[in-house]
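# everything below, folded, please.
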Amino acid sequence: MIKYNKWTTRLLSGSLLASIFLAVPEAAAAVEPIEVSSEAAFVIDNETNKILLNQNGDASLYIASMTKMIPLYLVHEAIEAGTIAWDTPVPISDYALAISQNYELSNVPLRKDFTYTVKDLYEAMVVYSANGATIAVAELIAGSEPAFVDMMKEKLDAWG
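Residues are numbered from 1 along each chain as shown. Here you go, the predicted structure:
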């Protein structure tokens with residue numbers, strides 16, 4: 001799970017590199033091949049679909065915090081269904097608390113003596129990719145982290 005922080009750095013580096021290429025496409029075409037100090041990098045021009053950089057871009061690697069896009073989606077679904085609301089208080093389990101205190105992971109440290117709402121934890125998930133916040137919301141929605149992972153898998157299966 002330490003890869004979250006590495007991948008966040010790599011994603012930001014890749015985004016910066018992509019913005020450079022997309023800002024000056026003619027200049028980018030004239031530049032000699034670039035290597036990025038990461039396991040993989042892939043940049044494509046959205047308008048032309050031209051691949052500008054493919055450094056091990058076909059390798060299967062961890063998707064890091066992109067995985068949290070599914071919990072964010074499931075939060076929105078639960079709010080739409082009326083099972084939770086933005087102002088619903090979220091209990092913090094001992095497990096979510098312990099995960100939130102692990103500074104080797106992406107986190108916002110949670111406390112037991114504070115009342116968090118779905119909105120509070122959602123923002124921590126979006127801005128900080130907070131693992132503890134994600135677990136707390138998962139437990140609220142599904143009852144447990146494993147049950148929530150099953151919901152995530154079902155959603156992915158439904159999407160094909």
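# what are the phi and psi values at the closest residue in space to Ala40 that isn't next to it in sequence?
Here the nearest residue to Ala40 in space, its sequence neighbours aside, is Asn56; by C-beta to C-beta, 6 or more residues apart in numbering that works out to 4.1 Å. Every residue, glycine included, has its C-beta placed from N, CA and C. Backbone torsions for Asn56, taken as degrees, to the nearest 10, come to phi 60, psi 30.
# how about the one 5 residues further on?
Its backbone dihedrals place Leu61 at phi -130, psi 170, with angles given as degrees, to the nearest 10.
# my guess is it contacts Phe42. True?
No. Using C-beta atoms under 8 Å, Leu61 is not in contact with Phe42; the gap is 10.7 Å.
# looking at those two, which has the bigger crowd around it?
Neighbour count, other C-beta atoms under 10 Å: between Leu61 and Phe42, Phe42 has more, with 16 against 13.
# can you pull out the helices in the protein?
Under the criterion DSSP state H, the chain contains helices at 3-23, 25-30, 69-81, 94-100, 118-128, 131-142, 145-159.
# report pLDDT for Gly160.
With respect to pLDDT, Gly160 has a value of 88.
# burial count for it?
Neighbour number of Gly160 under other C-beta under 10 Å is 4.
# lovely, talk soon.
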